[in-house]
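**Student:** Return a 3D structure for these sequence lines:
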Amino acid sequence: MSTGFEAMWRDLLPVGRATTGGYRRYAWTDADAECRAWFREQAENRNLIYEEDRNGNQWAWTAPGADAIVIGSHLDSVPDGGAYDGPLGVVSSFAALDLLRERGGDLPRPLGIVNFADEEGARFNVACVGSRLSAGVLTPDQARALKDADGIFLGDAMERAGFDPAGIGPDPQRLGRVRAFVELHVEQGRDLVHRDRAVGVASAIWPHGRWRFDFRGEANHAGTTRLEDRHDPMLTYANTVLAARKKAHLSGALATFGKVDARPGAANAIASEVRGWLDSRAADEQTLDELVAEIIRAATERADRDGVEVQVTRESFTPVVEFEGSLRDRIAKQLGGAPILPTGAGHDAGILSARVPTAMLFVRNPSGVSHSPAESAEMVDCLAGVTALADVVTDLMSEDLG
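**Tutor:** Numbering: from 1, shown residues only. Take a look at the predicted model:
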């Protein structure tokens, strides 16, 4: 098992790696195509039935048929993301199948391994596009309206990558084959470090979403325009960022402006427009709604003082996900009383939870850092995760999921 995991990890590690040390594996790019080719190769090397569904998700099955246990994650990344977020779950899934085969005996049910397309939403600003489309959470028309920073629509990007986007949409038939889906993921925090445990089980995912703030002012010369004559959207944006931080702190929630686009983008000119993206998360939906409303109110009030227009668009939203209790508790017990942890991060497992029974395993991250090149996991913990995943699959292959 160790040799197989490490070999797969080495093969995948260089794909999409930037000079920063982080990864830029954006959906429907050359790096994404290399990741997809790697997935298909791993499937074929194991004599699995390989499929691409209508939404670009990749599947590998041990056998045809329904009532399957499915494991997997995603291979794309955020800008300059770490190596583990997503790929650890996919590599571990293939390694878990290898371990199950080493243990001997036939699997009583089909086992599927999946790579969900565009989980991070780094290019088209909506997370979990592949799983959202399959689950019917994102409509085909909404997906077709998505475009990247260069104005390329999602469908056009898929077509350029050799994929036919005409059939995107809900996929109840394929999801109907799934008895349970288990996603393994590197922990995005240090809870397992503090508990001195290699593997944990997810309890819930906080509600979260992305909002685009468009601040429109008046372009002018930076060296000749008096301060009192300016309609500077950058000031409104900056004040909104600070307000979001303060209001999130007061509400015990999270608010982050991590992406900004200023136009025309000249160092010696006042911007005509500033576009910023808010990522906000909270333990419950009421807190999240109230927090975002407060941030929008602060932006609007400041915009009035600055002579700037502001428009807010909610680009995506995921309600709270409570993983099914009996399945979660069964897995934790199977893993020797593994700790049960909540998470503020979104995942494909959360999207699918309304359609099929889902669960998540977390592998210890010594740095506690995620969405960054500093993201990490020790090999011994990765292998513990593989063993845990194989043990969970073995248990869920039995007759009763209750």
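
**Student:** Contact partners for residue 75?
**Tutor:** Applying C-beta atoms under 8 Å, 6 or more residues apart in numbering, we find residue 75 in contact with 12, 25, 32, 35, 36, 38, 39, 86, 87, 90, 115. Bear in mind the C-beta positions are built from the backbone N, C-alpha and C, glycine included.

**Student:** Neighbours of the third one, how many?
**Tutor:** The number of residues packed around residue 32, counting by other C-beta atoms under 10 Å, is 24.

**Student:** on that earlier part again, pick the one among the contacts of residue 75 closest to residue 303.
**Tutor:** Among the contacts of residue 75, residue 25 lies closest to residue 303 (C-beta to C-beta), at 36.4 Å.

**Student:** Which residue is the nearest non-sequential neighbour of that closest one?
**Tutor:** residue 16 (3.8 Å; C-beta to C-beta, 6 or more residues apart in numbering).

**Student:** State the distance from that neighbour to residue 365.
**Tutor:** Between residue 16 and residue 365 the computed distance is 20 Å (C-beta to C-beta, to the nearest Å).

**Student:** And for residue 28?
**Tutor:** In terms of C-beta to C-beta, residue 28 sits 28 Å off from residue 365.

**Student:** now swap in residue 280 and tell me
**Tutor:** In this view, residue 280 and residue 365 are 23 Å apart by C-beta to C-beta.

**Student:** And the helices in the stretch 101-250 of the chain, which stretches?
**Tutor:** 129-135, 140-144, 154-160, 172-175, 191-195, 233-251 (DSSP state H, counting those that start in this stretch).

**Student:** Single out the most deeply packed of the ones you listed.
**Tutor:** Greatest average neighbour count among the helices of the stretch 101-250 of the chain goes to helix 129-135 (a mean of 27), per mean count of other C-beta atoms under 10 Å.

**Student:** Can you spell out which helices and strands pack onto that one?
**Tutor:** Where contact means 3 or more C-beta pairs under 8 Å, 6 or more residues apart in numbering; DSSP states H and E, helix 129-135 is packed against helix 140-144, helix 172-175, helix 348-352.

**Student:** residues in contact with it?
**Tutor:** If you take C-beta under 8 Å, 6+ apart as the criterion, helix 129-135 is touched by 27, 53-57, 74, 116-119, 121, 126, 137-138, 140, 143, 146, 154, 168-171, 174-175, 348, 351-352, 354-355.

**Student:** hmm, try it at 6 Å
**Tutor:** Contacts to helix 129-135, defined as C-beta atoms under 6 Å, 6 or more residues apart in numbering, come from residues 55-57, 116-118, 138, 143, 168, 171, 348, 351-352, 355.

**Student:** most neighbours, which of those?
**Tutor:** Counting neighbours by other C-beta under 10 Å, the top entry in the contacts of helix 129-135 is residue 116, with 32 neighbours.

**Student:** the more surrounded of residue 16 and residue 365?
**Tutor:** The residue with more neighbours, out of residue 16 and residue 365, is residue 365; 27 against 23, by other C-beta under 10 Å.
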